[in-house]
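Engineer: Quick one: sequence and predicted model below, then my questions.
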Amino acid sequence: MKSLWQKFHKIGDTLRLPNIPNWLCGLLFLVLILRIPSFFEPYYYGDEMVYMTLGQGVRQGLSLYRDVYDNKPPLLYLAAATADNLFWFKVILAFWMLISSIWFYKLSKTLFGQNEGAQKISTIVFAILTTLPLLEGNTVNSELFMIGFTILALLTLLKHRLTSKRVLFAGILLGLGTLFKVPAAFDAPIIVVYWLITGDLKKEWKEIIKNTFVLILGFTLPIVLTFIWYYFAGALPEYIKAAFLQNIGYLSSFRPSDIQKPFIIRNAPLLTRALIVLIGSIVIWFFRKKLSKRFILFAVWTLFALFAITLSERPYPHYFIQVVAPISFLLTMFFTSKNIEQSLAVIPLAIAFTVPVLYKFYLYPTTSYYLRFVNFATHKINKSVYFDGFSSTTNRNYQIALFLSQSSRKTDRVFMWDPDSAAVYSLAKRLPPIKYVVPYHVNDFSSRIIIAKQIEANPPRFIILTSGNPYPELTVLIANKYILLQQIDGANIYSSLP
């Protein structure tokens with residue numbers, strides 16, 4: 001065991017990380033153990049499959065957004081392209097979260113000083129909540145990547161005296177986080193509002209304005225560089241539209257019946273939440289002299305993070321990861337502080353825990369997830385049963401992907417009309433003849449008729465239709481130019497005629 005601690009210390013020295021105490025080494029080891037089951041997950045989770053498919057597109061020389069589509073900024077797809085398969089994608093995430101947990105520990109050390117108990121509690125809460133399946137910590141998602149950039153940005157600004165270089169670097173970090181997912185942009189105002197509340201505006205207003213300008217400059221720099229890249233790639237309009245403008249539609253996407261309503265009525269919930277953030281910030285400013293700087297930071301961070309995670313009003317638990325860091329700190333204050341702020345921490349915590357209840361966030365089972373893996377690892381269940389535990393269509397998808405891998409070349413195009421199409425594309429390392437990789441892309445951003453015409457103009461090697469997911473617009477094309485070659489568990493695989 002001693003040699004294991006020494007190895008962790010050596011890794012920390014190599015990465016120029018802080019000196020890692022033994023308890024943190026133990027926590028990181030536990031996190032790694034808890035992530036092992038994720039390395040053996042099948043290709044099944046919808047978002048991951050889309051990321052892996054776009055990663056394959058990048059590896060095959062396609063341009064994101066123009067040739068292969070999803071509506072997030074590019075860094076997550078580039079990470080998928082680097083990984084090339086789901087196992088290494090999960091490994092990259094695990095390594096990133098170990099590093100992020102160390103940064104979080106260092107931030108807690110900066111904020112709580114010599115209070116080692118507070119450092120331990122906050123870091124343990126953060127590490128566990130970002131690891132367990134409860135909030136989808138086991139899946140590769142943008143929130144887990146972008147939270148590390150926010151933590152490092154705050155660490156850069158709070159650990160040392162502010163300089164323009166540090167502020168610029170913090171802005172760049174926040175910009176990189178936004179290139180994983182746009183809601184990360186709402187972490188930038190946290191810093192500015194913190195400066196405004198804790199600073200002496202009479203004496204420091206010029207410094208605050210300058211630092212804000214430098215922070216914005218750093219924030220926009222990596223984003224502008226991506227604009228330049230996609231301009232020369234011939235995909236700038238598609239990039240801006242997909243990664244930024246189309247995300248505006250998410251603001252009311254979970255209330256489709258409100259689309260036709262006037263702007264104020266349609267966006268009343270969003271404006272109400274913005275008003276709550278504004279009022280909360282004003283209240284904190286009003287009582288700023290009675291509050292510690294760290295409590296102000298935690299409260300402001302919580303307000304803005306909650307606003308970010310409720311933008312679309314979608315109930316996906318991985319959204320909540322964006323607010324895990326300040327919640328970890330507030331919970332620590334609640335359990336360790338021996339002053340009025342112990343009671344005050346209840347207010348932002350109550351607001352934070354109300355959000356998942358109000359918006360009916362899903363919660364994923366944790367105990368059954370690990371028990372299923374233990375049963376698989378100890379050969380109590382076989383691979384097929386293990387895969388069925390994730391999705392009833394997982395084994396079917398693997399069979400289809402195996403057939404495609406054996407019956408086609410990587411350059412052959414395949415069109416599958418099924419919610420699991422991205423899983424088959426990423427497993428078989430085959431791409432569709434259109435830029436959309438899942439049906440909801442077609443339904444949200446195009447139409448079946450338009451896609452049918454595109455497929456007719458560029459017929460794929462195989463067309464796969466599954467029971468319960470008909471595509472009548474392709475009936476004539478299939479009848480004239482395809483034959484039914486294989487049937488796999490309700491999936492009809494049509495092959496183009498020679």
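Structural biologist: Cool, the structure landed.
Engineer: CA only for contacts and neighbour counts going forward, please
Structural biologist: Will do.
Engineer: any weak-confidence spans in the chain?
Structural biologist: Along the chain, segments meeting pLDDT under 70 span 1-18, 247-266.
Engineer: could you measure the residue nearest in space to the middle of it against residue 353, distance?
Structural biologist: Nearest to the geometric centre of the chain sits residue 142, at 1.8 Å (C-alpha atoms, centre = their mean). As judged by C-alpha to C-alpha, to the nearest Å, residue 142 and residue 353 stand 22 Å apart.
Engineer: so the residue nearest to the centre of the chain touches residue 180, yeah?
Structural biologist: Yes. Using C-alpha atoms under 8 Å, residue 142 is in contact with residue 180, at 5.4 Å.
Engineer: Report the set of residues contacting both of those two.
Structural biologist: When contacts are counted by C-alpha atoms under 8 Å, 6 or more residues apart in numbering, residue 142 and residue 180 have residue 76 as shared neighbours.
Engineer: Show me the strands in the stretch 301-450 of the chain, by range?
Structural biologist: 414-417 (DSSP state E, counting those that start in this stretch).
Engineer: Using neighbour counts, pick out the buried residues of stretch 430-447.
Structural biologist: For stretch 430-447, burial by neighbour count (16 or more other C-alpha atoms under 10 Å) applies to 430, 431, 432, 433, 434, 435, 436, 437, 438, 439, 442.
Engineer: quick one: contacts for the last one?
Structural biologist: The reference is to residue 442. 436, 448, 451.
Engineer: just these now: which is nearest residue 225?
Structural biologist: residue 436 (25.2 Å; C-alpha to C-alpha).
Engineer: How about the closest one, nearest residue that isn't a chain neighbour?
Structural biologist: residue 69 (5.4 Å; C-alpha to C-alpha, 6 or more residues apart in numbering).
Engineer: Next, work out how far apart that neighbour and residue 52 are.
Structural biologist: 12 Å.
Engineer: if you count what's nearby, which of those two comes out ahead?
Structural biologist: A count of neighbours by other C-alpha atoms under 10 Å puts residue 52 above the other of residue 69 and residue 52, at 31 against 24.
Engineer: hang on, residue 190 packs against residue 301?
Structural biologist: Yes. With contact defined as C-alpha under 8 Å, residue 190 reaches residue 301; the gap is 5.7 Å.
Engineer: neighbour count winner among those two?
Structural biologist: residue 301 (26 against 21).
Engineer: you'd agree that one is up against residue 326?
Structural biologist: Yes. Counting by C-alpha under 8 Å, residue 301 sits close enough to residue 326 to count as a contact (6.2 Å).
Engineer: would you put the C-alpha positions of stretch 465-472 in CSV?
Structural biologist: This file holds the C-alpha atoms of stretch 465-472, laid out as CSV (Å, rounded to 0.1, in the frame of the first residue of the first chain):
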residue,chain,number,x,y,z
LEU,A,465,-35.1,-0.3,-40.5
THR,A,466,-36.3,-1.7,-37.2
SER,A,467,-39.8,-2.8,-36.2
GLY,A,468,-41.7,0.1,-34.7
ASN,A,469,-39.6,2.7,-36.6
PRO,A,470,-40.9,2.7,-40.2
TYR,A,471,-39.6,5.1,-42.8
PRO,A,472,-42.3,5.1,-45.6
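Engineer: I figured residue 281 hits residue 298, correct?
Structural biologist: No. Taking contacts as C-alpha under 8 Å, residue 281 lies outside contact range of residue 298: 11.6 Å.
Engineer: Buried residues of stretch 343-358, list them for me.
Structural biologist: Across stretch 343-358, burial judged by 16+ other C-alpha under 10 Å covers 344, 345, 348, 349, 352, 355, 356.
Engineer: Dump these into JSON lines; add distance to residue 96 as well.
Structural biologist: Output for those, formatted as JSON lines (distance: C-alpha to C-alpha, whole Å):
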{"residue": "344", "distance to residue 96": "33"}
{"residue": "345", "distance to residue 96": "29"}
{"residue": "348", "distance to residue 96": "28"}
{"residue": "349", "distance to residue 96": "27"}
{"residue": "352", "distance to residue 96": "25"}
{"residue": "355", "distance to residue 96": "27"}
{"residue": "356", "distance to residue 96": "26"}
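Engineer: so, if you compare those, which one comes nearest to residue 46?
Structural biologist: Of the buried residues of stretch 343-358, the one sitting nearest to residue 46 (C-alpha to C-alpha) turns out to be residue 356, at 21.6 Å.
Engineer: Not counting sequence-adjacent ones, nearest residue to the closest one?
Structural biologist: What sits nearest to residue 356 in space, not counting adjacent residues and going by C-alpha to C-alpha, 6+ apart, is residue 315, at 7.4 Å.
Engineer: so the one you found makes contact with residue 358?
Structural biologist: No. In this structure residue 315 lies outside contact range of residue 358 using C-alpha under 8 Å: 9.5 Å.
Engineer: ranges for the helices of the stretch 151-300 of the chain?
Structural biologist: All helices of the stretch 151-300 of the chain, identified by DSSP state H, counting those that start in this stretch, fall at 164-178, 188-198, 201-232, 236-243, 263-266, 268-286, 293-309.
Engineer: Can I get those helices in TSV including distance to residue 86?
Structural biologist: Formatted as TSV, the helices of the stretch 151-300 of the chain follow (distance: least, C-alpha to C-alpha, whole Å):
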stretch	distance to residue 86
helix 164-178	22
helix 188-198	31
helix 201-232	25
helix 236-243	23
helix 263-266	39
helix 268-286	36
helix 293-309	26
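Engineer: winner for burial among the ones you listed?
Structural biologist: helix 164-178 (a mean of 25; mean count of other C-alpha atoms under 10 Å).
Engineer: Return the list of helices and strands in contact with that one.
Structural biologist: On a contact count with 3 or more C-alpha pairs under 8 Å, 6 or more residues apart in numbering; DSSP states H and E, helix 164-178 meets helix 142-159, helix 201-232.
Engineer: so how far is the longest one off the chain centroid?
Structural biologist: In this view, helix 201-232 has its centroid 24 Å away from the chain centroid, taken as C-alpha atoms, centre = their mean, to the nearest Å.
Engineer: now that helix against helix 188-198, angle please.
Structural biologist: Per axes from the mean of the first three to the mean of the last three C-alpha atoms, to 10 degrees, the angle that helix 201-232 makes with helix 188-198 is 170 degrees.
Engineer: The residue nearest to the centre of the chain and residue 69: what is the separation?
Structural biologist: Distance of residue 142 to residue 69, computed by C-alpha to C-alpha: 16 Å.
Engineer: Next up, the contacts around residue 363.
Structural biologist: Residues in contact with residue 363 (C-alpha under 8 Å, 6+ apart) are 134, 135, 317.
Engineer: what would those look like in CSV with neighbour count and distance to residue 100?
Structural biologist: Putting those into CSV (neighbours: other C-alpha atoms under 10 Å; distance: C-alpha to C-alpha, whole Å) gives the following:
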residue, neighbour count, distance to residue 100
134, 19, 19
135, 23, 17
317, 19, 19
